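Participant: model this:
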Amino acid sequence: MTDRNDTLQKLAQEYKQETGIEVEVQLFAPSDAYSQKIIAAGQADALPEIYGVLDKKSIVSFFIKAGLVVDLTADMEADNARWQNSLFDKALADKRFDPGNSYDVKPGIYGVPIDVTNLQMLYNKKLLSKAGIAAPPKTYEEFIKDAQMLKRVGITPFVSGWGELWMLDCFASNYAFNIMGQDKVFDTFRGKVKYTDPDWIKVFSLFADMRDKGVFMDGIVTKGNKYAEQDFALERVAFAFNGSWCVNVYHDMNPNLDYGVIPPPPVSTAAYPLKIWGSAGSTFVVNGHSPNEDKAVAFLKWLTSRDQQVILSEETHNLPSNKEALAVISPVLGEFAKGMDQSTHPNVWPLNEDPLVSEALDRGIQAIIIGEKTPEQVALEVQKVKDDHEPKT
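Facilitator: Numbering: from 1, shown residues only. This is a model prediction of the structure:
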């Protein structure tokens, strides 16, 4: 969060003026270096009062079991759950452990989100107008037609940072939920449904269809997201798939960029709703070994109250975690906020696919996009990886 340093330092000064309590803010980048620093500090019992765990719930559970994370449930539920109810429930779920969880962690809420995020489609209003497109597409089929209209006037239709596999995985899972429903997706993870199932072939075939219709920007499968963000911000492309953090990125690159937000357009014949990835953006936890636990909790409660959330949103262009702050956010962030109702996230799924299988799926889709493999070939290869890595009984 180094891009938010000035705002957080300013808020820390305001808190000192209001309470007399000094808050020292230290931010580190890149994320992997920060994560290593946190793990080392945890092993040395030298963590600060407030910190973040940038990892999966399995790793978070280790911190909790070591007593390095405070259970905030009682604080959240005080005063008729006023604090808890002010925050997006799906953001709280990022660090919430429900009864019967597979991590053997005491049920409770262990983190405080200071913002939320989701991934959707962006569209350039000026470029769509230039192609004679009056409104953004509401279905996948309309999206394909719009792409053809854009190409006819020399505009590249779509870009995303699909050199980063997780972003491609996100987009593919959006349509897997849409085409086969979440139960069948999770049954695939459980091994009850094969990737050679006709519904998975339909998902893979969408990428072949978009390839054949010339939807993708050249080099999309090797493009890092920061370069994809430049392409959209500099108006080289009409549509992009990106997260709500892009509002801040685009503002810095092109303050006059005129764009809107829509979910990836669902397949019109699909039987299930399309889900988008959305959850907490940045979440803080309180060190269970800190002598200042009460003060740390009080500061986080203040930081996530309406007035401070408005400041964070206005100055850093991120979605606030406090729902009461939504009334004063920018229109484009408001469009992102609407998507939280249809959001889901791997951190709250009942189970996740084996990482090796997920990588095979994502690399297979990359191969479809560049024309090296067919959807059927990818389905067979992914299923083989699945079969080879399933536990033997």
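Participant: could you point out the longest strand in this protein?
Facilitator: Ranked by residue count and defined by DSSP state E, the top strand of the chain is strand 115-124.
Participant: So what's the residue count around Arg4?
Facilitator: Arg4 sits with 20 neighbouring residues when counted by other C-beta atoms under 10 Å. C-beta coordinates here come from the backbone N, C-alpha and C atoms, glycine included.
Participant: mind giving me the domain split of this structure?
Facilitator: 2-114+281-304, 118-277+351-389 (automatic domain parsing).
Participant: quick revisit: helix or strand right after the longest strand of the chain?
Facilitator: helix 125-130 (DSSP states H and E).
Participant: list the contacts for the residue nearest to Asp45 when sequence neighbours are not counted?
Facilitator: Leaving aside its chain neighbours, Asp45 sits nearest to His289 (6.1 Å; criterion: C-beta to C-beta, 6 or more residues apart in numbering). The contact partners of His289, by C-beta atoms under 8 Å, 6 or more residues apart in numbering, come to 45, 47, 67-68.
Participant: Pick out whichever of those residues sits closest to Ala325.
Facilitator: The closest of the contacts of His289 to Ala325 turns out to be Leu47 (C-beta to C-beta; 28.7 Å).
Participant: Could you report the separation of that closest one from Val249?
Facilitator: Using C-beta to C-beta, to the nearest Å, we find Leu47 at a distance of 30 Å from Val249.
Participant: In terms of neighbours, single out the busier of these two.
Facilitator: A side-by-side neighbour count of Leu47 and Val249, using other C-beta under 10 Å, places Leu47 first with 23 against 19.
Participant: Can you point out the helix or strand that includes the more buried one?
Facilitator: Per DSSP H and E, there is no helix or strand for Leu47.
Participant: So it sits against Gly288, correct?
Facilitator: No: using C-beta atoms under 8 Å, Leu47 is not in contact with Gly288, being 9.2 Å away.
Participant: Overlap in contacts, those two.
Facilitator: Shared contacts of Leu47 and Gly288, counting by C-beta under 8 Å, 6+ apart, come down to Leu68.
Participant: if you skip the residues just before and after it, what's nearest to Asn248?
Facilitator: His317 (3.7 Å).
Participant: Who does the longest strand of the chain pair with, and is each partner parallel or antiparallel?
Facilitator: strand 237-243 (antiparallel), strand 259-262 (antiparallel), strand 276-280 (antiparallel), strand 319-320 (antiparallel) (DSSP bridges).
Participant: Now do the third one: everything it contacts.
Facilitator: Just to be clear, that refers to strand 276-280. 88, 90-95, 111, 113, 115-120, 170, 173-174, 263-264, 321, 339-340, 342-348.
Participant: where does this protein dip in pLDDT?
Facilitator: Scanning the chain for pLDDT under 70 picks out the ranges 391-393.
Participant: Can you mark which positions in stretch 355-370 are buried?
Facilitator: Buried residues in stretch 355-370, defined by neighbour count with 16 or more other C-beta atoms under 10 Å: 357-358, 360-369.
Participant: from those residues, which single one is nearest Glu18?
Facilitator: Ser358 (46.3 Å).
Participant: what's near enough to touch that closest one?
Facilitator: 165, 169, 352.
Participant: Only C-alpha atoms, please: export the helix or strand encompassing Met149 in CSV.
Facilitator: For Met149, the host element (DSSP H and E) is helix 140-152. Output in CSV follows, covering the C-alpha atoms of helix 140-152 (Å, rounded to 0.1, in the frame of the first residue of the first chain):
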residue,chain,number,x,y,z
TYR,A,140,-21.5,-12.3,-24.1
GLU,A,141,-23.0,-12.4,-27.5
GLU,A,142,-23.5,-8.6,-27.5
PHE,A,143,-19.8,-8.3,-26.4
ILE,A,144,-18.7,-10.3,-29.4
LYS,A,145,-20.8,-8.1,-31.8
ASP,A,146,-19.4,-5.0,-30.2
ALA,A,147,-15.9,-6.3,-30.7
GLN,A,148,-16.6,-6.7,-34.4
MET,A,149,-17.8,-3.2,-34.7
LEU,A,150,-14.7,-1.9,-32.9
LYS,A,151,-12.4,-3.8,-35.2
ARG,A,152,-14.1,-2.3,-38.2
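Participant: what's it packed up against?
Facilitator: helix 125-130, strand 156-160, helix 198-212, strand 237-243 (3 or more C-beta pairs under 8 Å, 6 or more residues apart in numbering; DSSP states H and E).
Participant: returning to that earlier point: what about the residue nearest to Asn248, how many neighbours?
Facilitator: With other C-beta under 10 Å as criterion, His317 counts 22.
Participant: Please list all residues in contact with it.
Facilitator: Contacts of His317 (C-beta under 8 Å, 6+ apart): 247-248, 251, 330, 333.
Participant: ditto for Gly181
Facilitator: 271-272.
Participant: any idea how far it is from Phe299?
Facilitator: 42 Å.
Participant: cool, Phe186 as well?
Facilitator: 38 Å.
Participant: In terms of neighbours, single out the busier of the two.
Facilitator: Phe299 (22 against 16).
Participant: Could you write me a PyMOL select line covering just the buried ones among the contacts of His289?
Facilitator: Applying 16+ other C-beta under 10 Å to the contacts of His289, the buried members can be selected in PyMOL as follows:
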select buried, resi 47+68
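Participant: Among the contacts of His289, name the ones in helices.
Facilitator: The helices, defined by DSSP state H, take in nothing from the contacts of His289.
Participant: ok, which stretches of the stretch 51-200 of the chain are strands?
Facilitator: 96-97, 108-109, 112-113, 115-124, 156-160 (DSSP state E, counting those that start in this stretch).
Participant: Within its sheet, name the partner strands of the third one and how each one runs.
Facilitator: The reference is to strand 112-113. Partners of strand 112-113 in its sheet, by DSSP bridges: strand 283-286 (antiparallel).
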